[in-house]
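> Provided below are the primary sequence and the corresponding predicted coordinates.
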Amino acid sequence: VSPATAERVLALLAAGGALDDFPAGPLRALPDAARSRLAPQLACASLAHRDADGGASVLARRSTAVLEIGGDQQLAADLEQILRAAGISRVRPYRSGQTRPSLVIVAGWPGRRERAICAECTARRVPHLIAMAAEAIGSVGPLVIPGTSACLRCLDHTRADQDPAWPLILAQIEARRPDPGARDAVLTASVVAQAAAQALQAIDRSPAASAAVNGTLEMVQPDFRWRRRTWSRHPACTCAPLSQSGQPANDSGRFLGGPGQGECERPDQARDHLTDGPQRRPQPTRDAFAQPIQRDRVLAMPGGNRQ
């Protein structure tokens, strides 16, 4: 086909609205080796998001994103490896108050250090995602959009409403880390992959597109299915204004899909398609953190209780 004919065909297609313009610059700017390495990532993103640009739009967003990771060093290193492989080149340790990243991931047991990072991100209005693997439990979320969605303190207030002993349990969680942490290689990899997936969804689309907004994605071994628990902003939290009733929303702390509080279904039976397979009858599951205090042991969570 001659250049003149090709130009004529393209002009006709453009006039008919059949062409989509996309940012090809980032693709052209990639060295050949990087382009080959990222080709599977971009092709997958293009198909998943139904973009007709070969992943160029996704690459443009990922190449400009800045992610910071704080907390557990092992989880942070594993997360950085996946995110860099996905095309996010600017991944670095959390820097308190120095910069404003696109997203902060807070990884590890939610002790004082991790909670301080969450509090600072909320105060600075920086979106942040919490990820934890310990005591045979994996939890990803919430992804906090400050001023818009439930934060970590909202979850604490809701748990305190449901269990008057929660402040004492929380004090144990903040002060004592499980040693050893009771997380095997499969659980760690699952949590890292899920956290990376939610972070990429936030970068590729928007933080509000993540299933971890106003929710926690939870896995309790030995059942490796992910379940989603819904949370709401709590009126007593400083991040949320008081409602007219002065009470938290009645869906806080429940699992999606179950007929009542404390019962759950996999997200593919609700709205968050995180797993595939045949539907199963909902099974009762307790809160991943709300365990009664027992003497002479580090606080454990369901599915991983150790005496």
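Yep, that arrived.
> CA atoms for contacts and neighbours, from now on please.
Fine.
> ok but Arg92 is inside a strand, no?
Yes - under DSSP: H, G, I helix; E, B strand; the rest coil, Arg92 falls within a strand.
> show the pLDDT at it.
The confidence metric pLDDT takes the value 95 at Arg92.
> equivalent analysis for the one 10 residues further on, please.
pLDDT for Ser102: 94.
> so how far is Thr99 from the closest residue to it other than its chain neighbours?
Nearest in space to Ser102, with sequence neighbours left out and distances taken as C-alpha to C-alpha, 6 or more residues apart in numbering, is Val66 at 5.2 Å. Note on Val66: its distance to Thr99, by C-alpha to C-alpha, to the nearest Å, is 10 Å.
> same check on Pro127?
13 Å.
> so the two - more neighbours on which side?
More crowded of Pro127 and Thr99, by other C-alpha atoms under 10 Å: Pro127, with 23 against 10.
> and the nearest residue to that one once chain neighbours are set aside, what is it in contact with?
Nearest non-adjacent residue to Pro127, counting by C-alpha to C-alpha, 6+ apart: Ile145, 4.8 Å away. By C-alpha atoms under 8 Å, 6 or more residues apart in numbering, the contact set of Ile145 is Arg125, Val126, Pro127, His128, Cys151, Pro207, Ala208, Val213.
> which among those gets closest to Gly141?
Nearest to Gly141, judged by C-alpha to C-alpha, of these is Val213 at 7.2 Å.
> quick check: that closest one vs Val140, distance?
To Val140, Val213 is 10 Å away according to C-alpha to C-alpha.
> please say which of those two ends up with more neighbours.
The neighbour count for Val213 versus Val140, taken as other C-alpha under 10 Å, is higher for Val140 (28 against 25).
> which element is Arg177 on?
Using DSSP states H and E, Arg177 falls within no helix or strand.
> same question for Met219.
Secondary structure from DSSP H and E places Met219 in strand 215-220.
> longest helix anywhere in this structure?
For the chain, the helix reaching the highest residue count under DSSP state H is reported as helix 185-204.
> ok so, going back, residues near the residue nearest to Ser102, how many?
Neighbour tally, Val66, other C-alpha under 10 Å: 18.
> what does Asp184 show for phi and psi?
When read as degrees, to the nearest 10, the backbone of Asp184 gives phi -90, psi -180.
> quickly note the distance from it to Pro222.
From Asp184 to Pro222 the distance is 11 Å (C-alpha to C-alpha).
> overlap in contacts, the two.
Here Asp184 and Pro222 have Ala136 as joint contacts, going by C-alpha under 8 Å, 6+ apart.
> show the model's pLDDT score for Pro222.
In this prediction Pro222 is given a pLDDT of 88.
> give me the number of residues near it?
The tally of other residues near Pro222 (other C-alpha under 10 Å) stands at 11.
> then Ser190?
Look at Ser190: counted by other C-alpha under 10 Å, it has 17 neighbours.
> give the contact list for the residue nearest the centre of the chain.
Centroid check for the chain by C-alpha atoms, centre = their mean gives Gln198 as the closest residue, at 4.1 Å. Residues in contact with Gln198 (C-alpha under 8 Å, 6+ apart) are Ser210, Ala211, Ala212.
> ditto for Cys237
Contacts of Cys237 (C-alpha under 8 Å, 6+ apart): Arg153, Cys154, His157.
> who wins for neighbours among the residues you listed?
Counting by other C-alpha under 10 Å, top hit in the contacts of Cys237: Cys154 with 24 neighbours.
> what's the separation between it and Pro93?
To Pro93, Cys154 is 26 Å away according to C-alpha to C-alpha.
> what does Asp156 give?
Asp156 is 26 Å from Pro93, by C-alpha to C-alpha.
> hmm, Val58 is touching Cys44, no?
No - the pair Val58 / Cys44 is not scored as a contact, 10.3 Å apart, by C-alpha atoms under 8 Å.
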